[in-house]
Each structure stands twice: as C-alpha cells, then as structure tokens.
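*Asks:* fold the following.
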Amino acid sequence: MLRKDIVVAFLALAVGALGCGDDSSGTGATGGSGGSGGSGGGGLPTACTDEPDLSAATSAEFPAQFWACYDTADMDVVLSVDSCVQDTPGLSEGCAGCYGDYAGCVDSNCGDSCNSRGADVMPCGECVLAECNVDLTSCSGVGSPAVQPQLVE
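*Replies:* Predicted coordinates:
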C-alpha cells in the first residue's frame, strides 16, 4: 500500500509540474482576454471550447473567414485579425484573441509562404503546422483553420 501511495504522489507532482511551465518564450499565443468561460483548470485550453465558440471555430466556413481576415489585415496583423474574426457569429473576444495571435505568428514566421500563397497552399500549410499550430491549439483548445487559397481580386 505504501508503494501505491508513493506512485500516486509522484504522478501528482509530475502532473502539477507540467501545468506550471514558463510560457514566456515570446513566440506563442497569449490567449487573448481569457476565453469565453471555462475553468482555466491548470493551463488547460478554454478560450474556444465552450459553446458557441466551439461551433464557430470548427465550422466549415471558419477557415475561409479566418484567411479572408488575414489577407485583408492592416499593418497590425494581430489586432486586425482579432477584430475581424470577432464578426464571426458566436465567436467570443477571448477566442478571437487566439486567432489574432495565430495570425501574428503566421505573419512573423511564415509570411514568405503565406502572404503570397495564391492557389498553392502547401508551403504555407507546412510552415504554420511547424511554427504556429501548437500555440493556437494551446490557446484555443481547437485545431487551426485549414489554409485556404489566397483571394485574388
């Protein structure tokens, strides 16, 4: 019985340590203004996992909406996309903040391949997968929007 108690105590400490990491790397999303509810629960993603955020962020239309906001963003990509995606019905300010931060990551780390992607979305998709998807998922609790062909006007 003592051995079981030691294992349980060790696992509790290990899980607690995972929730207390230093997120100050400066390369990821910050979570906007705290999400649309949820409990926070030791660093678990909550910004987009409550309804109606979840429905909005996982809808079939959202990837095109996000990329249209990205493609028309002004110089402050983070705030511009954050504001633009807030027009998505059901998306809260906190959830939109995750996508604003994601857009900033895309622009900073993948701008060469994403800002002029045209119809060839593969290089942009590969870059955002490697550079930005983990931070978005950590902030929002949902996957990133699929890269869409660039709007040509």
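*Asks:* CA atoms of whichever helix in the chain runs longest as CSV?
*Replies:* In the chain, taking DSSP state H as the definition, the longest helix is helix 93-114. Provided in CSV are the C-alpha atoms of helix 93-114 (Å, rounded to 0.1, in the frame of the first residue of the first chain):
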residue,chain,number,x,y,z
GLU,A,93,-13.5,38.1,-27.8
GLY,A,94,-11.2,35.7,-25.9
CYS,A,95,-11.4,33.1,-28.7
ALA,A,96,-10.9,35.7,-31.4
GLY,A,97,-7.7,36.8,-29.5
CYS,A,98,-6.3,33.3,-30.0
TYR,A,99,-6.8,33.7,-33.8
GLY,A,100,-5.3,37.2,-33.7
ASP,A,101,-2.2,35.9,-32.0
TYR,A,102,-2.1,33.0,-34.5
ALA,A,103,-2.3,35.4,-37.4
GLY,A,104,0.7,37.3,-35.9
CYS,A,105,2.6,34.1,-35.7
VAL,A,106,1.7,33.2,-39.3
ASP,A,107,2.8,36.6,-40.5
SER,A,108,6.1,36.7,-38.5
ASN,A,109,7.2,33.1,-39.1
CYS,A,110,5.5,32.1,-42.4
GLY,A,111,4.9,35.4,-44.1
ASP,A,112,7.1,34.5,-47.1
SER,A,113,5.0,31.4,-47.9
CYS,A,114,1.6,32.6,-46.7
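*Asks:* check which helices and strands that helix sits against.
*Replies:* In this structure, helix 93-114 makes packing contacts with helix 53-57, helix 62-71, helix 77-85, helix 122-131, helix 133-140, judged by 3 or more Cβ pairs under 8 Å, 6 or more residues apart in numbering; DSSP states H and E. Every residue, glycine included, has its C-beta placed from N, CA and C.
*Asks:* just the residues contacting the third one, thanks.
*Replies:* The one in question is helix 77-85. For helix 77-85, contacts defined as Cβ atoms under 8 Å, 6 or more residues apart in numbering pick out 32, 65-66, 68-70, 72-74, 91, 96-97, 99-104, 107.
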